[in-house]
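Visitor: Sequence unavailable; structure follows:
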(Lines give C-alpha, C1' and ligand atoms only; values in the text may rest on other atoms or scores of the structure.)
Protein backbone atom coordinates (compact mmCIF):
# COMPACT_ATOMS: atom_id res chain seq x y z
CA UNK A 1 0.00 0.00 0.00
CA UNK A 2 1.41 3.40 -0.92
CA UNK A 3 2.26 5.73 1.94
CA UNK A 4 1.31 9.33 2.49
CA UNK A 5 2.59 11.53 -0.31
CA UNK A 6 3.17 15.26 -0.19
CA UNK A 7 3.86 17.63 -3.04
CA UNK A 8 5.92 19.54 -3.68
CA UNK A 9 8.82 18.40 -1.50
CA UNK A 10 10.54 21.79 -1.60
CA UNK A 11 9.28 25.31 -2.15
CA UNK A 12 10.89 28.71 -2.12
CA UNK A 13 8.65 31.75 -1.91
CA UNK A 14 9.02 35.41 -1.07
CA UNK A 15 7.28 37.38 1.64
CA UNK A 16 3.74 38.35 0.80
CA UNK A 17 3.15 35.51 -1.62
CA UNK A 18 0.78 32.64 -1.01
CA UNK A 19 1.42 28.92 -1.24
CA UNK A 20 -0.60 25.72 -1.56
CA UNK A 21 0.66 22.37 -0.34
CA UNK A 22 -0.89 19.04 -1.21
CA UNK A 23 -1.24 15.78 0.70
CA UNK A 24 -2.53 12.42 -0.54
CA UNK A 25 -3.36 10.06 2.33
CA UNK A 26 -3.00 6.33 2.44
CA UNK A 27 -5.80 4.66 0.52
CA UNK A 28 -8.81 4.17 2.77
CA UNK A 29 -7.76 6.80 5.30
CA UNK A 30 -10.34 9.52 5.79
CA UNK A 31 -8.54 11.71 8.31
CA UNK A 32 -5.75 14.09 7.37
CA UNK A 33 -3.86 16.21 9.87
CA UNK A 34 -1.30 18.94 9.21
CA UNK A 35 1.65 19.90 11.38
CA UNK A 36 4.27 22.61 11.21
CA UNK A 37 7.79 21.70 12.30
CA UNK A 38 10.36 24.40 13.11
CA UNK A 39 13.61 24.24 15.09
CA UNK A 40 12.29 26.71 17.65
CA UNK A 41 8.71 25.55 18.21
CA UNK A 42 9.03 21.89 17.31
CA UNK A 43 5.97 20.12 15.95
CA UNK A 44 2.75 22.10 16.17
CA UNK A 45 -0.70 20.97 15.12
CA UNK A 46 -2.35 23.05 12.41
CA UNK A 47 -5.68 21.36 11.65
CA UNK A 48 -7.38 18.05 11.01
CA UNK A 49 -9.91 17.13 8.35
CA UNK A 50 -12.25 14.18 8.23
CA UNK A 51 -14.70 13.51 5.40
CA UNK A 52 -14.18 17.02 4.00
CA UNK A 53 -14.91 18.71 7.35
CA UNK A 54 -12.43 20.48 9.58
CA UNK A 55 -12.79 18.81 12.96
CA UNK A 56 -10.00 20.41 14.91
CA UNK A 57 -7.79 23.46 14.58
CA UNK A 58 -4.58 24.51 16.25
CA UNK A 59 -3.55 27.95 17.36
CA UNK A 60 -2.46 29.47 14.07
CA UNK A 61 -3.58 32.73 12.41
CA UNK A 62 -6.26 32.78 9.76
CA UNK A 63 -3.61 33.02 7.04
CA UNK A 64 -3.33 29.25 7.42
CA UNK A 65 -6.25 27.39 5.90
CA UNK A 66 -6.98 23.99 4.48
CA UNK A 67 -9.52 21.82 2.81
CA UNK A 68 -10.20 18.22 2.05
CA UNK A 69 -11.67 16.76 -1.09
CA UNK A 70 -14.09 13.88 -1.52
CA UNK A 71 -11.20 11.50 -2.29
CA UNK A 72 -9.62 12.48 1.07
CA UNK A 73 -6.78 14.37 -0.53
CA UNK A 74 -6.05 17.56 1.35
CA UNK A 75 -4.51 20.92 0.65
CA UNK A 76 -3.29 23.61 2.94
CA UNK A 77 -2.85 27.21 1.96
CA UNK A 78 -0.79 29.94 3.55
CA UNK A 79 -1.50 33.47 2.40
CA UNK A 80 0.65 36.58 2.82
CA UNK A 81 3.74 34.58 3.68
CA UNK A 82 6.03 35.75 6.46
CA UNK A 83 9.65 34.81 7.10
CA UNK A 84 8.53 32.89 10.18
CA UNK A 85 6.44 30.56 8.03
CA UNK A 86 9.61 28.86 6.85
CA UNK A 87 9.22 25.32 8.12
CA UNK A 88 8.71 21.68 7.30
CA UNK A 89 5.00 21.03 6.85
CA UNK A 90 3.99 17.49 7.62
CA UNK A 91 0.81 15.74 6.71
CA UNK A 92 -0.45 12.65 8.51
CA UNK A 93 -3.31 10.34 7.69
CA UNK A 94 -5.27 7.81 9.68
CA UNK A 95 -8.40 5.75 9.35
CA UNK A 96 -10.71 7.63 11.65
CA UNK A 97 -8.64 10.39 13.17
CA UNK A 98 -5.91 10.84 15.76
CA UNK A 99 -6.93 8.96 18.87
CA UNK A 100 -5.72 6.45 21.37
CA UNK A 101 -6.27 3.56 18.99
CA UNK A 102 -5.81 5.07 15.56
CA UNK A 103 -2.22 5.50 14.44
CA UNK A 104 -1.23 8.45 12.30
CA UNK A 105 1.11 7.84 9.36
CA UNK A 106 3.24 10.74 8.25
CA UNK A 107 4.38 11.87 4.85
CA UNK A 108 7.90 13.10 4.08
CA UNK A 109 6.88 16.72 4.38
CA UNK A 110 7.14 19.86 2.28
CA UNK A 111 10.07 22.12 3.09
CA UNK A 112 8.92 25.75 2.67
CA UNK A 113 11.49 28.52 2.62
CA UNK A 114 10.28 32.12 2.69
CA UNK A 115 12.79 34.74 1.55
CA UNK B 1 -3.30 21.62 28.62
CA UNK B 2 -1.46 18.51 27.57
CA UNK B 3 2.32 18.64 27.30
CA UNK B 4 5.29 16.36 26.72
CA UNK B 5 8.79 16.98 28.03
CA UNK B 6 11.81 15.21 26.62
CA UNK B 7 15.43 15.32 27.59
CA UNK B 8 17.42 17.74 25.50
CA UNK B 9 19.96 16.43 23.05
CA UNK B 10 22.00 15.66 21.32
CA UNK B 11 22.63 12.32 22.93
CA UNK B 12 25.97 11.02 21.71
CA UNK B 13 26.76 7.32 22.08
CA UNK B 14 29.16 4.75 20.74
CA UNK B 15 27.84 1.78 18.85
CA UNK B 16 26.50 -1.01 21.12
CA UNK B 17 25.97 1.37 24.04
CA UNK B 18 22.74 1.40 26.07
CA UNK B 19 20.24 4.11 25.23
CA UNK B 20 17.72 5.90 27.42
CA UNK B 21 15.75 8.93 26.29
CA UNK B 22 13.55 10.33 29.02
CA UNK B 23 9.99 11.45 28.39
CA UNK B 24 7.41 12.71 30.87
CA UNK B 25 3.94 13.99 30.17
CA UNK B 26 1.08 16.02 31.56
CA UNK B 27 -2.45 15.13 30.53
CA UNK B 28 -5.93 15.57 31.94
CA UNK B 29 -7.26 12.19 30.88
CA UNK B 30 -5.82 8.79 30.06
CA UNK B 31 -3.64 9.33 27.02
CA UNK B 32 -1.99 6.94 24.67
CA UNK B 33 1.74 7.43 24.34
CA UNK B 34 3.92 7.20 21.27
CA UNK B 35 7.50 7.35 20.15
CA UNK B 36 8.13 8.58 16.62
CA UNK B 37 11.49 8.66 14.84
CA UNK B 38 12.60 11.07 12.14
CA UNK B 39 15.58 10.20 9.97
CA UNK B 40 17.39 13.04 8.17
CA UNK B 41 15.32 14.47 5.34
CA UNK B 42 12.31 12.29 6.08
CA UNK B 43 8.95 12.50 7.80
CA UNK B 44 8.03 10.87 11.08
CA UNK B 45 7.71 7.12 11.48
CA UNK B 46 5.88 5.48 14.34
CA UNK B 47 8.39 3.53 16.40
CA UNK B 48 6.15 2.16 19.16
CA UNK B 49 3.12 2.99 21.23
CA UNK B 50 1.31 2.07 24.44
CA UNK B 51 -2.35 2.72 25.08
CA UNK B 52 -2.75 2.07 28.80
CA UNK B 53 -0.82 2.06 32.04
CA UNK B 54 1.87 -0.64 32.41
CA UNK B 55 1.74 -1.46 28.69
CA UNK B 56 5.11 -1.95 27.08
CA UNK B 57 5.57 -0.92 23.48
CA UNK B 58 8.43 -2.48 21.54
CA UNK B 59 9.83 -2.44 18.03
CA UNK B 60 13.25 -2.93 16.39
CA UNK B 61 14.90 -3.47 19.78
CA UNK B 62 13.43 -0.29 21.27
CA UNK B 63 11.14 -0.48 24.28
CA UNK B 64 9.12 1.93 26.40
CA UNK B 65 6.79 1.26 29.34
CA UNK B 66 3.79 3.43 30.15
CA UNK B 67 4.27 4.45 33.80
CA UNK B 68 1.16 6.23 35.05
CA UNK B 69 2.50 6.73 38.58
CA UNK B 70 5.50 8.69 37.29
CA UNK B 71 3.77 9.99 34.13
CA UNK B 72 6.70 8.73 32.09
CA UNK B 73 7.37 6.82 28.88
CA UNK B 74 11.14 6.50 28.63
CA UNK B 75 12.62 5.01 25.46
CA UNK B 76 15.34 2.36 25.84
CA UNK B 77 17.48 0.19 23.63
CA UNK B 78 20.07 -2.26 24.83
CA UNK B 79 22.59 -1.84 22.00
CA UNK B 80 22.40 1.06 19.58
CA UNK B 81 23.66 1.03 16.01
CA UNK B 82 24.93 3.81 13.78
CA UNK B 83 21.72 3.45 11.77
CA UNK B 84 19.71 4.49 14.86
CA UNK B 85 21.03 8.04 14.51
CA UNK B 86 17.91 10.16 14.15
CA UNK B 87 15.61 12.49 16.06
CA UNK B 88 13.18 10.81 18.45
CA UNK B 89 9.86 12.37 19.42
CA UNK B 90 7.68 11.41 22.34
CA UNK B 91 3.99 12.20 21.84
CA UNK B 92 0.62 11.70 23.44
CA UNK B 93 -2.95 11.51 22.30
CA UNK B 94 -5.82 11.92 24.74
CA UNK B 95 -7.79 8.75 25.21
CA UNK B 96 -11.34 9.87 24.65
CA UNK B 97 -12.63 10.20 21.12
CA UNK B 98 -10.39 11.80 18.58
CA UNK B 99 -7.71 14.26 19.50
CA UNK B 100 -4.53 15.72 18.18
CA UNK B 101 -1.03 14.48 18.83
CA UNK B 102 0.98 16.58 21.26
CA UNK B 103 4.71 16.22 20.68
CA UNK B 104 7.81 16.79 22.74
CA UNK B 105 10.61 18.91 21.28
CA UNK B 106 12.53 15.88 20.05
CA UNK B 107 15.86 14.40 21.06
CA UNK B 108 18.64 13.96 18.54
CA UNK B 109 20.62 10.73 18.87
CA UNK B 110 24.07 10.48 17.31
CA UNK B 111 25.74 7.06 17.30
CA UNK B 112 29.37 6.78 16.31
CA UNK B 113 31.15 3.57 15.16
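Guide: Thanks, I have it. As the structure is a prediction and not an experimental result, all values here were calculated from the model. Residues are numbered from 1 along each chain as shown, chains lettered A, B, ... in the order given.
Visitor: From the chain's centroid, how far away is stretch B:74-91?
Guide: 8 Å (C-alpha atoms, centre = their mean, to the nearest Å).
Visitor: How about it and chain A, touching?
Guide: Yes - Stretch B:74-91 lies within reach of chain A by C-beta under 8 Å from any C-beta of the partner chain, at residue B:89. (Each C-beta comes from the backbone N, C-alpha and C, glycine too.)
Visitor: Show me what counts as buried in that stretch.
Guide: Within stretch B:74-91, the residues that count as buried by 16 or more other C-beta atoms under 10 Å in any protein chain shown are B:74-75, B:77, B:80, B:84-91.
Visitor: From one end of it to the other, what's the distance?
Guide: Using C-alpha to C-alpha, to the nearest Å, one end of stretch B:74-91 lies 11 Å from the other.
Visitor: if I pick the residue nearest the centre of chain A, what's in contact with it?
Guide: For chain A, residue A:34 is the residue whose C-alpha lies nearest the centre (C-alpha atoms, centre = their mean; 3.1 Å). Going by C-beta atoms under 8 Å, 6 or more residues apart in numbering or on different chains, residue A:34 touches A:23, A:45-48, A:66, A:74, A:76, A:89-92.
Visitor: which of those come close to chain B?
Guide: Contacts with chain B within these, counted by C-beta under 8 Å from any C-beta: A:45, A:48, A:90, A:92.
Visitor: Can you get me a residue count around the first one?
Guide: Neighbours of residue A:45 under the rule other C-beta atoms under 10 Å in any protein chain shown: 21.
Visitor: by contact count, what packs against the helix or strand where it lies?
Guide: Assigned by DSSP states H and E, residue A:45 falls within strand A:42-50. For strand A:42-50, the packing partners by 3 or more C-beta pairs under 8 Å, 6 or more residues apart in numbering or on different chains; DSSP states H and E come out as strand A:31-38, strand A:53-57, strand A:64-68, strand A:74-78, strand B:101-103.
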